[in-house]
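Predicted model, plus sequence, below.
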Amino acid sequence: MRLIADRGLARGAPENSLGAFAAALSAGFQGIKTEVRLTADGEAVLFGHRLSCNGLPVQALTRAELSQAQGYLVPTLSEAVDAFPEAFWMVTLTAGAAAPAVFSLLQQLGMRREIVITSLRHELALRAAELGTSECGLTVCHRPAALNALLYAAMPHRRLRSLIWDYEAVDAPLLQQANALGFRNYVYGAQSEAEHMLCHSLALRGLITASPECAGLTPPPPLQ
């Protein structure tokens with residue numbers, strides 16, 4: 001099971017920064033889960049929130065303005081993937097505006113990087129899957145009444161075979177059913193050590209967490 005750092009390891013660097021990504025990989029995480037948004041000047045940046053520290057929407061700011069507001073250089077998706085080419089990347093599309101830039105990058109990279117494109121907006125994941133240049137997944141924060149209904153649209157797309165579940169929405173039988181249908185399961189949202197231990201006992205491809213200690217890793221000391 002892969003351990004995937006949620007927005008990197010934000011102990012001595014801002015979340016979703018190159019420093020946080022480097023710290024997570026140094027701590028033993030195999031992958032990074034991050035979010036991509038589009039700035040006013042068309043940059044696909046990695047940023048977890050809709051609003052910056054000054055309360056303005058990310059999409060209303062240039063990358064330089066966003067970086068100034070946050071106090072660090074907000075990385076682009078391209079910069080992060082190039083900086084850590086061996087990492088497994090789980091990139092969440094937060095809105096349709098960023099999709100063209102992300103899809104263009106995926107077409108440039110081909111299959112030379114290990115990237116899974118996910119979204120709560122399942123139509124965006126379907127659009128990414130149609131390109132055929134990256135693995136794709138559906139982020140799911142509810143327990144479906146019928147798993148087949150959730151997966152119906154995904155079945156024709158062979159690269160859309162990942163499910164990213166909220167911890168509170170899953171149980172072992174549901175994950176086993178998804179596995180039997182050929183889907184890879186990831187879980188996010190585990191908080192306590194006991195919840196992390198339970199995830200280790202489930203049929204998961206990966207665990208997305210912000211807590212290396214609960215996941216059994218020893219984080220490096222913060223940079224001085």
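Received, thanks. Residues are numbered from 1 along each chain as shown.

what about stretch 183-203, start to end distance?
11 Å (C-alpha to C-alpha, to the nearest Å).

just stretch 35-54 next, same as before
19 Å.

Mind jotting down where the strands sit in this protein?
2-6, 31-38, 44-46, 88-93, 114-119, 135-140, 160-166, 184-188, 206-209 (DSSP state E).

Including distance to Gly71, could these go into JSON lines?
In short, each C-beta sits where N, CA and C put it, glycine included. As requested, the strands of the chain are exported to JSON lines (distance: least, C-beta to C-beta, whole Å):
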{"stretch": "strand 2-6", "distance to Gly71": "21"}
{"stretch": "strand 31-38", "distance to Gly71": "18"}
{"stretch": "strand 44-46", "distance to Gly71": "15"}
{"stretch": "strand 88-93", "distance to Gly71": "23"}
{"stretch": "strand 114-119", "distance to Gly71": "28"}
{"stretch": "strand 135-140", "distance to Gly71": "29"}
{"stretch": "strand 160-166", "distance to Gly71": "30"}
{"stretch": "strand 184-188", "distance to Gly71": "27"}
{"stretch": "strand 206-209", "distance to Gly71": "26"}
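
Out of those, which is closest to Ala80?
strand 44-46 (5.8 Å; C-beta to C-beta).

low-scoring stretches of the chain, by residue?
By pLDDT under 70, the weakly predicted segments of the chain are 110-111, 219-224.

what do you get if the cut-off is 50, keeping everything else the same?
Residues of the chain meeting the criterion pLDDT under 50: 224.

number of nearby residues for Arg158?
For Arg158, the count of nearby residues is 11 (other C-beta atoms under 10 Å).

give me phi/psi at it?
phi -70, psi -20 (degrees, to the nearest 10).

do you know how far it is from Asp166?
Noted for Arg158: a distance of 25 Å to Asp166, by C-beta to C-beta, to the nearest Å.

again with Gln30
21 Å.

Kindly report the same for Ser192.
15 Å.

Looking at those two, which is more packed in?
Neighbour count, other C-beta under 10 Å: between Ser192 and Asp166, Asp166 has more, with 15 against 10.

can you count the residues close to the closest residue to that one other than its chain neighbours?
Nearest non-adjacent residue to Asp166, counting by C-beta to C-beta, 6 or more residues apart in numbering: Cys141, 4.3 Å away. Neighbouring residues of Cys141 were enumerated by other C-beta under 10 Å; the total is 13.

Please name the residues that touch Cys141.
By C-beta atoms under 8 Å, 6 or more residues apart in numbering, the contact set of Cys141 is 120, 166, 169.

what bridges to the second one?
In this structure, Asp166 bridges to Tyr188 when assessed by DSSP bridges.
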